[in-house]
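Novice: 3D model of this:
(2 chains, ligands or ions: 1)
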Amino acid sequence: MLSRGEIADRLSSYPAFEDTMLGLQYAPRMPKAMVKETREVVAIARKFNEEVARPSALVLDRRTHEDPDYLPWELVEEANRRGFYTMWIPKLFGGKGFNLPSMSSFSEEVGSVCLGIMNVIGVHYLGVAGLMTSYNTPLIRRVLSEVVQGEKTGKPCLIALAITEPGAGTDVEEMELLEKGKVTCHARRVKGGYIVNGRKIFISMGHVSTWTALYGYSDLKNPSETTVGMMVKLGMKGFSLGTHENKMGQRVCPASELIFEDCFVPDDQVIADAQSVRKCSKKPLKEINMRYMDYTMSATRAGVGAFGTGAARGAFEKALAFANETELHGKPLINHEWVQCMLAEMYKNVMLGRLAYMEANCANGLRGAYKLLQLKPMYYYQKYMPQAYFDRVVSPLLEKESSTWLMRKMAYDWHDLADDRCASGWASLAKFTGTDFGIRNCQMAIELMGQAGLRQDRGVEKILRDAKLVQIYEGTNQLNRLNLFKCLIAPAHPKAKIFAE
Amino acid sequence: MLSSFNTDLKPFEELAGSFAAKELVKKVEEHDRHPFGPFFSDVLDKAYEVGFLGVMLPEELGGIGQDIRALCIILDSICRADGSLGGIIFTSALAQEVMLAAGAHKEAGKIFSKAASAKEFLVAYPSFCNPGQLVKLPHATKSGRNYLLTGEIEYVVMGGIASRALIPARIDDQAGYSFLLADLSDKGLEKSEPVFSLGFHACPAVDVTFKGVKARLVGEEGRGSVYFDAASRKMHVAAAAMNAGIMKGSFNEALAYAKERFQGGREIINWSEVSMILANMLIKANVADLCVAQACQAVRQENGQWGRHCMAAALHVHELACDATSDGIQVLGGNGYMKDYGQEKRYRDARQVQALLGIAPLKKIALIREAAGLDDPCAPA
Ligand SMILES: Cc1cc2nc3c(=O)[nH]c(=O)nc-3n(C[C@H](O)[C@H](O)[C@H](O)COP(=O)(O)OP(=O)(O)OC[C@H]3O[C@@H](n4cnc5c(N)ncnc54)[C@H](O)[C@@H]3O)c2cc1C
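Specialist: Next up, the predicted model:
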């Protein structure tokens, strides 16, 4: 009916078809085995919920109130025993190589029972993502092999990510703001590495992670162009732990202050800095740093959307159980029409939260950070080649500087900015959609349950406390709305400027 | 707001404000550690000393004989700093109001005017329920001039601290419920540890089990819902005042933070999205103030539908408060989530206040049935 040219023309006008209906476009390209794999992941999460999360969520929450310094070592060991810390590490680096979107399904499942416990598992992958998207293959290999080793020996090796500083939270997630922000974590170039001074705050799992992906700046007046990513190890000279934050919820997952005093980080622990990035791309450093941030956050923000959806689902399940077991005027509460409508609304919120993060994951697979990993040939190659092959044949190649060069070239120079924006915008959409639904459902459940909802032993009030955090971390929901605007609305509207009011 | 309409109330506002500044503000986090830290008995004793536990109780019965406006002003000022003490003041007033609605002035006089301490003055009460709705009530059987209570009741506020409790119970096969006064030190009575709750940590509740506990009837048998209705109509306004105060506390802290905190090279209040959040909080806080002031007027004038207006005002204010306190955390970002600041507690307390006097959606159903001239399904058959 229309010529190809006409179709292309119409579809590229705003809103571009390519930026919407990601699931539809991704469907034919999706490796079929991902479905089976995701089913398995959900079953693994449910087994963990039955055996560990459900019996311990409230007990641990109470324990952290009794002892605010409590650290979740037993839980970390249990997750390590179950292989959770390598499940989503690519086989290339010795992990189990489950497809990355399946982690969102896992997060929703476990998050529906306890967001704190889920974060004890999930935030490690924020660290992994921070490390991986630097494409510094020798360093990635070195650190991730310790994680894999930690699983084998029963001595967990986790990774945290440290960007936030006392004076810069929103600023460090957006280069336009960082440019004007006040950062204090200084990385001074010296022979053979950097010397770091400064503090990072609110670092999830800081107290229990062996490695931390740390971001400092070699010029505090020009941070957006002088970002230095480094891997620091607990116990390194000059690196110490400060406050263990006293939070409202997700208390089983500590948030830590990290203190750096003349901490020397050798070159082989530098993830990326201006010099090394310059070797691969001539693009402005600010743009490359934003790209880096986008790659990391596109994957992890979709995951936080799944956390929020988990909270929405947990609250829904509590409300549903309450409606089933409670009678009002001689009839089960669940048979009252207004209750049915309330539950339907809550159910809808869960489904829409899930659709949003699934769609964001499709954007990542189709056009974003893990596009390459989810190309059918690459996916099946990873899935079916034996681990020994990766260890013996592929891994040594990763030690070469050329593999870092190639990966970075692909990420910074050959990856279309429009693709990056699409993935980033959708990740933000999923993040604030799922997390807002989380709060919405908690509120509805608390209202429905009245006095019962107030008691910690009934579980729903904890979900309400836990859920508020996901509207804040990985960029506040305000920043994520602005990022959606920046990525999915502004590009088609030349007048639109961001952070320029 | 209330005190600007009623200058005679200014002293109560000042008293409560200075009490909060002196006794509460600096120790909110410490007090909030209960039940995992000590209970703030010293603060409770001082609140009793200044008369906060008997604001609406007539002077001849041991109170300070003020009306709902004074109670609201005090609750508003106290809750700006710490909702927990507000919860105690509210519970004390509610138990007294139920007793007065039941015409138990003599009994009240015996308790309140003879009390020598906060513990003796306080009457514990399950303030978070409407006993006619969804609650399993204990059973009472007549035994001579008294009654014997058996069974359980959940979430008796201040039950771990007060000497007595006012308990709704069903007498034998009667359809409705009745109120009975029980001595909390009775040997047949078991109290749980303080229930670990969402908010109001320093206003603890306990679950109570009665195994043949002697209790005295308050008012008449089976008329509990009549007394509860009469008392709760007024007390809805008091609950609204608590959330109005919590909202103000949240707004004040958010505003001050937004003027100090820099992101993107400017104070965050100068990002218009932050301004918008603050504006919405301010609107909600102002509307809440107006609702409380107007509802107090309605109570005083007792014009036609005052009870309904009070409940409507309270339901609305609670919804505003739940939203506003969530935004109150948001403005502070990660800091808002930490116990070093006041916002996370207000977020919890606002929802705790919303649950006072029963389940919110059921209050809405009761409201519309009353407006439509239909039976309240919770009323005695
Ligand atoms: C428990 C917890 C765990 C965390 N874990 C980690 C972690 O593991 N690693 C890590 O690096 N960080 C972590 N964070 C930090 C988190 O990502 C930041 O808290 C978040 O990005 C917000 O930053 P902030 O707290 O400094 O708030 P601010 O940036 O100070 O923001 C305050 C308010 O101002 C608004 N605002 C700021 N700038 C703008 C603007 N330009 N336009 C509009 N509104 C604006 C914000 O939306 C917010 O409402 C964690 C935080 C918490 C609370």
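Novice: counting neighbours, what do you get for the closest residue to residue A:73 other than its chain neighbours?
Specialist: Distances taken as C-beta to C-beta, 6 or more residues apart in numbering or on different chains place residue A:208 nearest to residue A:73, at 6.9 Å, with adjacent residues excluded. Where C-beta positions appear, they are placed from N, C-alpha and C, glycine not excepted. Around residue A:208 there are 21 other residues, counting by other C-beta atoms under 10 Å in any protein chain shown.
Novice: surely residue A:208 and residue A:158 touch.
Specialist: Yes - counting by C-beta atoms under 8 Å, residue A:208 touches residue A:158, with 6.3 Å between them.
Novice: what's the overlap in contacts for these two?
Specialist: residue A:76 (C-beta atoms under 8 Å, 6 or more residues apart in numbering or on different chains).
Novice: now the strands for chain A?
Specialist: A:159-162, A:186-190, A:193-204, A:211-217, A:227-233, A:239-244, A:255-266, A:270-272, A:327-328, A:331-332 (DSSP state E).
Novice: of all these, which one comes closest to residue A:320?
Specialist: Among the strands of chain A, the nearest to residue A:320 by C-beta to C-beta is strand A:331-332 (11.7 Å).
Novice: tell me the domain ranges of chain A?
Specialist: A:14-155+A:288-492, A:159-273 (automatic domain parsing).
Novice: ok, now which ones touch the residue of chain A found nearest chain B?
Specialist: Residue of chain A nearest chain B, by C-beta to the nearest C-beta: residue A:180 (3.0 Å). When contacts are counted by C-beta under 8 Å, 6+ apart, residue A:180 touches A:171, B:264, B:265, B:266.
Novice: do you know how far the nearest residue to the last one once chain neighbours are set aside is from residue A:228?
Specialist: To tie it back to what came earlier, the one meant is residue B:266. Computed as C-beta to C-beta, 6+ apart, the closest residue to residue B:266 that is not its neighbour in sequence is residue A:180, at 7.8 Å. Relative to residue A:228, residue A:180 is positioned 19 Å away (C-beta to C-beta, to the nearest Å).
Novice: quick check: the residue of chain B nearest the ligand.
Specialist: Closest residue of chain B to the ligand, C-beta to the nearest ligand atom: residue B:333 (2.2 Å).
Novice: once you drop chain neighbours, what's closest to the residue of the stretch 1-150 of chain B found nearest chain A?
Specialist: Relative to chain A, the nearest point of the stretch 1-150 of chain B is residue B:128 (4.0 Å; C-beta to the nearest C-beta). Nearest residue to residue B:128 in three dimensions, chain neighbours excluded: residue A:451, at 4.0 Å (C-beta to C-beta, 6+ apart).
Novice: I'd say the one you found and residue B:155 touch.
Specialist: Yes - the pair residue A:451 / residue B:155 is scored as a contact, 5.2 Å apart, by C-beta under 8 Å.
Novice: got any residues that touch both of the two?
Specialist: By the contact definition C-beta under 8 Å, 6+ apart, residue A:451 and residue B:155 are jointly contacted by B:126, B:128, B:129.
Novice: could the strands of chain A go into JSON lines alongside mean neighbour count, mean pLDDT and distance to the ligand?
Specialist: As requested, those are exported to JSON lines (neighbours: other C-beta atoms under 10 Å in any protein chain shown; pLDDT from 0 to 100; distance: least, C-beta to the nearest ligand atom, whole Å):
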{"stretch": "strand A:159-162", "mean neighbour count": "27", "mean pLDDT": "98", "distance to the ligand": "5"}
{"stretch": "strand A:186-190", "mean neighbour count": "17", "mean pLDDT": "98", "distance to the ligand": "16"}
{"stretch": "strand A:193-204", "mean neighbour count": "22", "mean pLDDT": "98", "distance to the ligand": "3"}
{"stretch": "strand A:211-217", "mean neighbour count": "27", "mean pLDDT": "98", "distance to the ligand": "8"}
{"stretch": "strand A:227-233", "mean neighbour count": "24", "mean pLDDT": "97", "distance to the ligand": "12"}
{"stretch": "strand A:239-244", "mean neighbour count": "16", "mean pLDDT": "98", "distance to the ligand": "11"}
{"stretch": "strand A:255-266", "mean neighbour count": "20", "mean pLDDT": "98", "distance to the ligand": "4"}
{"stretch": "strand A:270-272", "mean neighbour count": "23", "mean pLDDT": "95", "distance to the ligand": "14"}
{"stretch": "strand A:327-328", "mean neighbour count": "16", "mean pLDDT": "87", "distance to the ligand": "38"}
{"stretch": "strand A:331-332", "mean neighbour count": "11", "mean pLDDT": "90", "distance to the ligand": "39"}
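Novice: now tabulate these in a markdown table and tack on distance to residue A:385.
Specialist: Formatted as a markdown table, the strands of chain A follow (distance: least, C-beta to C-beta, whole Å):
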| stretch | distance to residue A:385 |
| --- | --- |
| strand A:159-162 | 25 |
| strand A:186-190 | 39 |
| strand A:193-204 | 34 |
| strand A:211-217 | 27 |
| strand A:227-233 | 28 |
| strand A:239-244 | 38 |
| strand A:255-266 | 33 |
| strand A:270-272 | 27 |
| strand A:327-328 | 59 |
| strand A:331-332 | 55 |
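Novice: if we can go back for a sec, quick one, which of the shared contacts of residue A:451 and residue B:155 are buried?
Specialist: B:126, B:128, B:129 (16 or more other C-beta atoms under 10 Å in any protein chain shown).
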